[in-house]
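*Asks:* Pasting the sequence and the predicted coordinates here, then a few questions.
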Amino acid sequence: MKKEAGIYYINSRDWEKFLGQLSAQYCLYAPKEGLTGTEYSIFGPENLSEIVYGGARATQPLKCFLYPLQEEVSPDDPQADKKSVVLGVKACDLKALRILDEIFLGGDVADPFYQNRRENTLLISDDCTEPLGTCFCTLLGDDPFPQEGFDLNLSCLDAEILVEVGSKKGKDLLQQCNIPLHSAEERHLKLRQQRREAVVQKLKQINKDFKFPLNVTALLQDKYDSPLWEQVSEDCVGCCACTNICPSCHCFLLIDSLAASRGLSPVGFEKTRTWDSCQYPGFARVAAGANPRGKLEERFRNRLYCKFEYKPKNFALLACTGCGRCIEACQGKIDIREVLQKLGG
């Protein structure tokens, strides 16, 4: 995504008017308070006041909007979806998006279904202001505020909102709005920096008890045959919550089924793509029945190696963003920070 220059400030009331205009043209998704944190919901002019700005990342990962849990992938080209705006995206999800883009768009042939949604989705990110106890992006060398990958980024400064343009799509969107925009002043940029630094300090306090090398890839290089894998995976129940909630996990399964009786396909079958998980016992099983990862600890190890060694080797990107969703979702109460600390000890 090409970076476009420009930082503006806007009155919060005018921003809400802008969102009202957007909701008439786009499907507008944004965070709202849920039972266990913020959750994405669809918004219209009648409920814009319920949008939660700042805070921490939403429960659902961004990938849900671009790579759904289940979808029909027919031989025909995908139909263009209605354009969407996803507001409140955090830096950890934008980092994960780089992995998804490499997987689905970076090869010789782009995935047309992912590409269609990607092109028809505008991303309005915002800074984290209240990281959760499971957030650890700074332990991986990342920041809790977006610096790239967004169309627009918001930094809420009390009654004003700082809007940074990150792409041509974002620039065009602002130019279409019928609201006053003002170039950011030094006081705005200084206040934004102060608040960002305060959040970094919060994260340092949250993670003060976890010590492992910043270069996790190097940490794992001589740990493949370590007996520690059985120990760190002993509480895993194989529920796959970690991979389902992860913003960068992307494995899928294709299922063919008859569809002529339902009139769904002119060629008489329906092909469905659904999320899969490397944590399922049968994920790596081959046709003859052999399974190179038949043991739970082998599957557990594979997930960490995929995040911290295989993806960096192939794409020069860590596939863990420190969002902490896997820690929250784990039925066995496994904390990946503790796992890395034990492996590094």
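*Replies:* Yes, it's here.
*Asks:* Next, the residue lying closest to Y67 once chain neighbours are set aside: phi, psi?
*Replies:* On the basis of CB to CB, 6 or more residues apart in numbering, the spatially nearest residue to Y67 that is not a chain neighbour turns out to be Y114, at 5.9 Å. All C-beta spots, glycine's among them, are computed from the backbone N, C-alpha and C. Taking degrees, to the nearest 10, you get phi -70, psi -40 for the backbone angles of Y114.
*Asks:* Need the contact partners of the longest helix out of those in the chain.
*Replies:* Of all segments of type helix in the chain, defined using DSSP state H, the longest is helix 186-206. Helix 186-206 is touched from outside by 7, 9, 127-131, 133, 135-138, 143-145, 155, 157, 160, 162, with contacts defined as CB atoms under 8 Å, 6 or more residues apart in numbering.
*Asks:* Those residues, buried ones only, as a ChimeraX selection?
*Replies:* One line in ChimeraX is enough to select the buried ones among these; burial here means 16 or more other CB atoms under 10 Å:
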select :7,9,127,128,129,131,135,136,137,138,143,144,145,155,157,160,162
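*Asks:* Which helix or which strand is home to the residue nearest in space to the middle of the chain?
*Replies:* To find the centre residue of the chain, average its C-alpha atoms and take the closest one (CA atoms, centre = their mean): that gives D93, at 2.8 Å. Per DSSP states H and E: D93 is located in helix 91-105.
*Asks:* Equivalent analysis for Q231, please.
*Replies:* For Q231, the enclosing helix or strand under DSSP H and E is helix 228-232.
*Asks:* Q70: neighbour count?
*Replies:* 11 (other CB atoms under 10 Å).
*Asks:* T272 versus that one, what's the distance?
*Replies:* Relative to T272, Q70 is positioned 6 Å away (CB to CB, to the nearest Å).
*Asks:* Go ahead and confirm V232 touches G345.
*Replies:* No: the pair V232 and G345 does not pass the contact test of CB atoms under 8 Å, sitting 11.1 Å apart.
*Asks:* between these two, who's got more neighbours?
*Replies:* Under the neighbour definition other CB under 10 Å, V232 and G345 were set side by side, and V232 has more, 21 against 8.
*Asks:* out of everything not next to it in sequence, what's closest to that one?
*Replies:* That would be V339: by CB to CB, 6+ apart, it lies 4.7 Å from V232.
*Asks:* Could you do L62 as well?
*Replies:* Using CB to CB, 6+ apart and skipping residues adjacent in sequence, the residue nearest L62 is D93, 3.9 Å away.
*Asks:* Work out the gap between stretch 275-289 and the centre of the chain.
*Replies:* When C-alpha coordinates are averaged (CA atoms, centre = their mean, to the nearest Å), stretch 275-289 and its chain have centres 24 Å apart.
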